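Asks: how would this look folded up:
(2 chains)
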Amino acid sequence: MKTLIALPARNEEDTIGKVLDQIGALYPDIPVLVVDDASQDATAQIVQQHVDVSLIRLPFWMGYGGALQTVYKYAYRNGFDALIQMDADGQHDPKSIANLLENLKDADVVVGSRFLAQNTYPMSFVRRLGCRLLSHIGQTLVGIRITDPTSGFQALSRKALEIAIQDYYPMDYPDLDVLILLHRFQLKVAEIPVRMYPAAGKTGMHEGLQVWYYAFKMILSILVMMLRKP
Amino acid sequence: MPLNQKIFASLLAILFLGIVIDLARRKKLRVEYSILWSLIAVVIVILVFWYDSLVLITKMIGAVLPTTTLFIFGLMFLLFLNLHFSVKLSEMSEQVKNIAHEVALLTVRKGTKEESS
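Replies: Residues are numbered from 1 along each chain as shown, chains lettered A, B, ... in the order given. All right, here's what the predicted structure looks like:
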């Protein structure tokens, strides 16, 4: 199975070097790709020092969804059968990659859940509540049971990539709406426990005032996805 | 409608039409959009010389004053126009995104691991 590990990154100079070193040490045979989302710091330079790592630099800031779709297009066009996507901020433990890949044999998308694992990861009350609410929405609407729908630590099969490269893939906060979309295309979505660490000194996409935008956007996005013909 | 009002409205419509045609001539406005805006000028002229049509529409929609009718339809028009522009913007954002992806994918620096695999 031709596999790629990909990390969308924006201003991750403090962590990306260490993350790449860890991945390189654990999985010396799996190619790694970093998509630099127009970082303003030395992220791209640090990646360039890792000669074994492939690098794509986006011409302007496209956001998490825009960077992720670049990964999907690259993986699909270069004939990869499996893709591991993970954050470059050190939040995701590379040791869990093997487990994600193992579970991809029986599913098209494997989501790494911090809630299924024994974690000490502190999460804001609002976000915890949001995650639980999204999880219930997913279960009620399409019957998928995902405890951590905002997790960016995932494994995708080639079939899933084929859908994720389409124009209807959402550009900001692709979370539960994407999982619902993939499920509607009859793709099997599974979830396994993974270890996650808090991202040091950073405000996540789902924190602060953006939470309200996120909540409203997600409800609308799910509604639209449900109304679309697969 | 008093004569001075008619003259004022007609002049306004002619001025508007002139600006629209000039913008289209200087390629600042696409011809597709200039058609739409020219129609606005035509509607103003029609209402000036056939004021009774406005009174008739006012009665039909149950409004009291013809000005209310004008404002309602004017606002509706602007609302739909904005929606149309949002649709166009969405289309263009999608196109820009896809172009950016293509450019980025062309400039990939392949790592040694991938090249040897």
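Asks: What residue in chain B comes nearest to chain A?
Replies: B:Glu114 (3.8 Å; Cβ to the nearest Cβ). Yep, even glycine has a C-beta here, placed from its N, CA and C like the rest.
Asks: Which residue comes closest to that residue once chain neighbours are left out?
Replies: Nearest non-adjacent residue to B:Glu114, counting by Cβ to Cβ, 6 or more residues apart in numbering or on different chains: A:Pro31, 3.8 Å away.
Asks: May I have the phi/psi pair for that neighbour?
Replies: phi -60, psi 150 (degrees, to the nearest 10).
Asks: Now for it: which residues touch it?
Replies: Residues in contact with A:Pro31 (Cβ atoms under 8 Å, 6 or more residues apart in numbering or on different chains) are A:Thr3, A:Leu4, A:Ile5, A:Ser54, B:Gly111, B:Lys113, B:Glu114, B:Ser117.
Asks: measure the nearest residue to the first one once chain neighbours are set aside to chain B for me?
Replies: Spelled out, that is A:Thr3. In space, and not counting its chain neighbours, A:Thr3 is closest to A:Ala82: 4.4 Å by Cβ to Cβ, 6+ apart. Applying Cβ to the nearest Cβ, to the nearest Å, the value for A:Ala82 to chain B is 13 Å.
Asks: ok, A:Ala82 to A:Ala155 distance?
Replies: From A:Ala82 across to A:Ala155, the span is 6 Å (Cβ to Cβ, to the nearest Å).
Asks: got any residues that touch both of those two?
Replies: Common neighbours of A:Ala82 and A:Ala155 (criterion: Cβ under 8 Å, 6+ apart): A:Leu101, A:Leu104.
Asks: Same drill for these two, tell me which one is more crowded.
Replies: A side-by-side neighbour count of A:Ala82 and A:Ala155, using other Cβ atoms under 10 Å in any protein chain shown, places A:Ala155 first with 28 against 22.
Asks: can I assume that one sits in a strand?
Replies: Yes. With DSSP: H, G, I helix; E, B strand; the rest coil as the criterion, A:Ala155 is part of a strand.
Asks: for stretch A:175-188, which positions count as buried?
Replies: Of the residues in stretch A:175-188, A:Asp175, A:Leu176, A:Asp177, A:Val178, A:Leu179, A:Ile180, A:Leu181, A:Leu182, A:His183, A:Arg184, A:Leu187, A:Lys188 count as buried by neighbour count, 16 or more other Cβ atoms under 10 Å in any protein chain shown.
Asks: follow-up on the earlier one: out of the contacts of A:Pro31, which is nearest to A:Gly112?
Replies: A:Ile5 (13.0 Å; Cβ to Cβ).
Asks: beta partners of the closest one?
Replies: A:Ile5 forms beta bridges with A:Val32, A:Ile84, as assigned by DSSP bridges.
Asks: Quick one: residues contacting it.
Replies: Listed by Cβ under 8 Å, 6+ apart, the contact partners of A:Ile5 are A:Ile23, A:Tyr27, A:Ile30, A:Pro31, A:Val32, A:Leu33, A:Leu83, A:Ile84, A:Met86, A:Ile97.
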